[in-house]
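>>> missing the sequence, but the structure's below:
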């Protein structure tokens, strides 16, 4: 089946620095990619939707200048957490919508990336 | 505000019993309904999806959808300890490229 890969799986960074998380669709072209954040014992909260070649659409309450999303190709989207703070520590998960399957209703999840800001 | 509601649980059932997980949603425009299983610290795994009213069966799992009541459920027959996880209900609008909106999940514990 379709595979979505995230990297890194785990990252620890110092407060004030920036960290980039990559999301790749390995064997299909992803029309749309989604970024979610999950705090412990909470559900997945949608942060933003990104379409290849256009600006991401951010959900209410998500700072677009803090969480930079780039979707430069049909197989790669990146999330950069800028000036990270301890409260940004969370599990970040990307998902990708398969262009050719089921009118785009098929969505595949990456393995997730744990971010710890110290 | 599109909302998906689930009872957080925990739901405890003995091994071999039927586990029943419920979910309601607020957006009548929702067209696709998904059940995911998530183990602690891991990404969600798709169990099954359903589009049409009625039941859909896949092995030990049965999804039930009632759009008029805006209700979707998941039944797990012959529950196993390995089924112990958090079960997330997610809904999606019909248009391609729209995101899944998740509920908070129900924690299931199956005791041996």
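Yep, that arrived. Source: prediction; values computed, not measured.

>>> where's the closest residue to residue A:114 other than its chain neighbours relative to residue B:53, distance?
With C-beta to C-beta, 6 or more residues apart in numbering or on different chains as the criterion, residue A:114 has its nearest non-adjacent residue at 4.9 Å, and that residue is residue A:10. Where C-beta positions appear, they are placed from N, C-alpha and C, glycine not excepted. Distance of residue A:10 to residue B:53, given as C-beta to C-beta, to the nearest Å: 43 Å.

>>> Was I right to think residue A:92 contacts residue A:37?
Yes. Between residue A:92 and residue A:37 there is a contact under C-beta atoms under 8 Å: 5.6 Å.

>>> More neighbours: those two, which one.
Ranked by neighbour count (other C-beta atoms under 10 Å in any protein chain shown), residue A:92 and residue A:37 place residue A:92 first, with 24 against 21.

>>> Provide a list of residues in contact with that one.
Shown in contact with residue A:92 (C-beta atoms under 8 Å, 6 or more residues apart in numbering or on different chains): A:21, A:35, A:36, A:37, A:38, A:79, A:112, A:113, A:114, A:115.

>>> Just the buried ones out of these, please.
Applying a neighbour-count criterion of 16 or more other C-beta atoms under 10 Å in any protein chain shown, the buried members of the contacts of residue A:92 are A:21, A:35, A:36, A:37, A:38, A:79, A:112, A:113, A:115.

>>> Intersect those with the contacts of chain B.
On the criterion C-beta under 8 Å from any C-beta of the partner chain, A:36, A:112 are the entries of these that sit beside chain B.

>>> Now flag whichever of the buried ones among the contacts of residue A:92 is closest to residue B:25.
Closest approach between those and residue B:25, by C-beta to C-beta: residue A:36, at 17.6 Å.

>>> and the helix or strand hosting that closest one, average pLDDT?
In this assignment (DSSP states H and E), residue A:36 forms part of strand A:30-38. Strand A:30-38 shows a mean pLDDT of 92.

>>> next one: stretch A:65-80
93.

>>> any residues touching it, and which ones?
Under C-beta under 8 Å, 6+ apart, the answer for stretch A:65-80 is A:18-26, A:29-31, A:33, A:35, A:47-48, A:50-54, A:56, A:58, A:81-83, A:92, A:94, A:96, A:99.

>>> Buried ones among these?
Counted by 16+ other C-beta under 10 Å, the contacts of stretch A:65-80 give A:19, A:21-25, A:30-31, A:33, A:35, A:47-48, A:50-52, A:56, A:58, A:81, A:92, A:94, A:96, A:99 as buried.

>>> Thanks again, I'm all set now.
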